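K.L.:
I need the structure of the sequence given here:
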Amino acid sequence: MAPIGLAILGAGIFAKEAHLPALAVHGSEKSVVNAVYSRSKSSASSLAEQVKERLGNTPTVYSEDGASEGGLDALLARPDIQAVIVVLPLTQQPDVVLKALAAGKSVLSEKPVAKDVKTGIDLIEKWEKEYKPKGLIWRVAENFEVEPGILEAAERIKAGAIGKVRFFNCSMIFPMDKDNKYYQTSWRTIPDYQGGFLLDAGVHTNAALRKVLGSSFPLDTAKVTGFASLTRDFLAPHDTFQAVIQAAPTSDGEHPAQGVNEMSCAVKPGFSRYILTVTGTEGTLTLESVPKPVREADLVLARASAFKAEGNEKPVVPHWQTTITGPDGNKTEEFARIGSGVYEELGSFLNALSGKDDGNGEPRYVAPYRIRAYSLVLACRDALLDVALIQAYLTSQGNAIDMKKLVSTGSA
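P.N.:
Have a look, this model is predicted:
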C-alpha cells in the first residue's frame, strides 16, 4: 500500500516537537507529509524545513499572506492529500475541521475537541450527519487516551486488582510562568475560551480518569461540585480548580463512589506532579508520571517523545508508573511504561485510514478497542466528556452539575 498523503495545518510548538518526531518513528512507508500550512509563510516554511530534516521530503508551503503556493483552499484541493493533522489554536480548529471534511479529507485534530460543550456538540452532529456517512474519519488527538501505561493501569482495575472502586484522588500541578514557551503563544496568553491552561491541559487528566476508572465509575452520569479560582493574574481567567465527583447511585443501596480532582498551574517553577490514586475494597492503585532513563528496548519510542531530556547515558523521558498495594498495605505489583501517547494516537489514525479502525479518538461513543498486546475492553467515552468535565469544574461554584445533562445538551 502506498504511503498516506498528509498535510499538517499549524506550525506551532506541538506540531514540531510532538507530531513530527512521532511521524518519523512511524516511518515513510506509512505516510508522507506533502504539504504544510500556517497563516504566515515564515512559520509554515519553518515547519517545512523540519519536515525535510526529520522525514526526508520537502513539503509544499501554503499560507494566507500571499507569499506561497496559495492558502488553505488550495492545499485542500490537492488529490494527493488524503488526511490533515490540525494543530491550530483551539478556537480556530472547529471551522478548519469542517472545511477539511467538506473537501473530502479525513482529519486528526488536536484536543480539546472544542472550547465548550455546546460548540463540541454542534461540531460532532455536523460530522455525524454530513461526513461520517461518506466514510471520512475524524479523530481527536488525545494522547492520554492511548498511553500504554494508563491503559495497563486500567486493565488492572478492570481485572479486580483493588476490588470494587470506592474513591479516587487525582492531582495535576505544574508551573506556568511568562517565560514558558507555551505561555508565549499568543492564543494562550489572552485566551478567548474558558479556563485558559486548565482547559488546554485539563482534558488530559479527564481522559486518563475515564480510561482508568472505566465502567467502575462512569463519569458521564456523575455529579460534579467544584470551585475555580485565579491566583496569578496573567493566567486569567482561572489557574486552579478543585472538584468533587460523585458516581450515580447504584441499585444495591451502597453509598456511591466518589473522588477528588484538582489542577493548578499557579505554582512557581521547581514543583510539579501528576498522581492518580484509586482506592478499592481490596487495595489501592497509584498512577504517577515520573521521569526515568529510557530502557534499551524503548530507545526508538524515546525519539518520538516531545518531553525528553538528555541524560548522562540515555535520554530521560516521562514514564507512567503504576504501584498496586493489597489489603494488608504491602506492595503487590509495580511497573512503568514509557510515555508514547502521541506516537500511539498517530498510529491509531493511520491504521484507521488504512481500514483498521480501533475507534480511539472518536469524538463521541465508539466500539471497544484493542491496543498492541493489551486486551483491555472498555466502553470508550469521548473527547466531549473531557471538555464537559472541565466546564463543570469551572462553572459549578459549589453547585452540583449533572454530567449527563451537560454532555447531552451543552448546559447544566
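K.L.:
and Phe168, that's in a strand?
P.N.:
Yes. Phe168 sits within a strand when classified using DSSP: H, G, I helix; E, B strand; the rest coil.
K.L.:
show me the contacts for it.
P.N.:
209, 213, 217, 259-260, 276-279 (C-beta atoms under 8 Å, 6 or more residues apart in numbering). C-betas here are computed from N, CA, C, even on glycine.
K.L.:
Need the three-state assignment for His319.
P.N.:
Under three-state DSSP, His319 comes out as strand.
K.L.:
neighbouring contacts of stretch 19-32?
P.N.:
Contacts of stretch 19-32 (C-beta under 8 Å, 6+ apart): 3-6, 8, 33, 50-51, 54-57, 85, 87, 300-301, 303-306, 342-343, 346-347, 350.
K.L.:
Which ones among these lie within strands?
P.N.:
Judged by DSSP state E, strands contain the following of the contacts of stretch 19-32: 4-6, 8, 33, 85.
K.L.:
Could I get those residues in JSON lines, plus columns for neighbour count?
P.N.:
Formatted as JSON lines, the ones in strands among the contacts of stretch 19-32 follow (neighbours: other C-beta atoms under 10 Å):
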{"residue": "Ile4", "neighbour count": "18"}
{"residue": "Gly5", "neighbour count": "19"}
{"residue": "Leu6", "neighbour count": "29"}
{"residue": "Ile8", "neighbour count": "26"}
{"residue": "Val33", "neighbour count": "27"}
{"residue": "Ile85", "neighbour count": "24"}
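K.L.:
Next step: the contacts of stretch 19-32 restricted to helices.
P.N.:
50-51, 54-55, 300-301, 342-343, 346-347, 350 (DSSP state H).
K.L.:
domains for this structure, by residue range?
P.N.:
Domain assignment for the chain by automatic domain parsing gives 4-142, 144-337+367-409.
K.L.:
The lowest-mean-pLDDT helix or strand in the chain packs against which elements?
P.N.:
Between all helices and strands in the chain, the lowest mean by mean pLDDT, DSSP states H and E belongs to helix 186-189, at a mean of 69. Using 3 or more C-beta pairs under 8 Å, 6 or more residues apart in numbering; DSSP states H and E, no helix or strand is in contact with helix 186-189.
K.L.:
Could you identify the longest helix within the chain?
P.N.:
Per DSSP H, the chain has its longest helix at helix 197-213.
K.L.:
from the chain's centre, how far out does that one sit?
P.N.:
Distance of helix 197-213 from its chain centroid, counting by C-alpha atoms, centre = their mean, to the nearest Å, is 7 Å.
K.L.:
do stretch 317-325 as well
P.N.:
19 Å.
K.L.:
same deal with stretch 396-406?
P.N.:
23 Å.
K.L.:
Likewise for stretch 210-217?
P.N.:
That offset, for stretch 210-217, works out to 16 Å (C-alpha atoms, centre = their mean).
K.L.:
about what we covered before: could I get the buried residue list for the least confident helix or strand of the chain?
P.N.:
Arg188 (16 or more other C-beta atoms under 10 Å).
K.L.:
what's next to it, contact-wise?
P.N.:
Contacts of helix 186-189 (C-beta under 8 Å, 6+ apart): 89-91, 182-183, 196-197, 200.
K.L.:
sorry, back to before: quickly compare the domains of the chain and say which is most buried.
P.N.:
Most buried of the domains of the chain, by mean neighbour count (mean count of other C-beta atoms under 10 Å): domain 4-142, with a mean of 19.
K.L.:
Would you mind measuring the gap between the ends of that one?
P.N.:
End-to-end distance for domain 4-142, by C-alpha to C-alpha, to the nearest Å: 21 Å.
K.L.:
do the same with stretch 94-113
P.N.:
8 Å.
K.L.:
For Tyr131, which non-adjacent residue is closest in space?
P.N.:
Leu101 (4.3 Å; C-beta to C-beta, 6 or more residues apart in numbering).
K.L.:
Let's verify the one you found: helix, strand, or coil?
P.N.:
Strictly by three-state DSSP, Leu101 counts as helix.
K.L.:
Is it in contact with Ile137, as I believe?
P.N.:
No. The pair Leu101 / Ile137 is not scored as a contact, 9.5 Å apart, by C-beta atoms under 8 Å.
K.L.:
Quickly list what's touching both of those two.
P.N.:
Val107.
K.L.:
just to revisit the earlier point, out of the contacts of Phe168, which are inside strands?
P.N.:
Taking DSSP E as the definition of strands, the contacts of Phe168 contribute 259-260, 276-279.
K.L.:
quick one: which of these is nearest Lys404?
P.N.:
For those, the closest approach to Lys404 (C-beta to C-beta) belongs to Gly259, at 17.2 Å.
K.L.:
wait, doesn't the closest one sit right on Cys170?
P.N.:
Yes. With contacts counted by C-beta under 8 Å, Gly259 reaches Cys170, the gap being 7.0 Å.
K.L.:
shared neighbours of the two, anything?
P.N.:
Leu209.
K.L.:
So which residues of the stretch 51-200 of the chain form helices?
P.N.:
Ranges of helices in the stretch 51-200 of the chain, per DSSP state H, counting those that start in this stretch, are 72-76, 93-102, 117-126, 148-158, 186-189, 197-213.
K.L.:
Brilliant, that's me finished.
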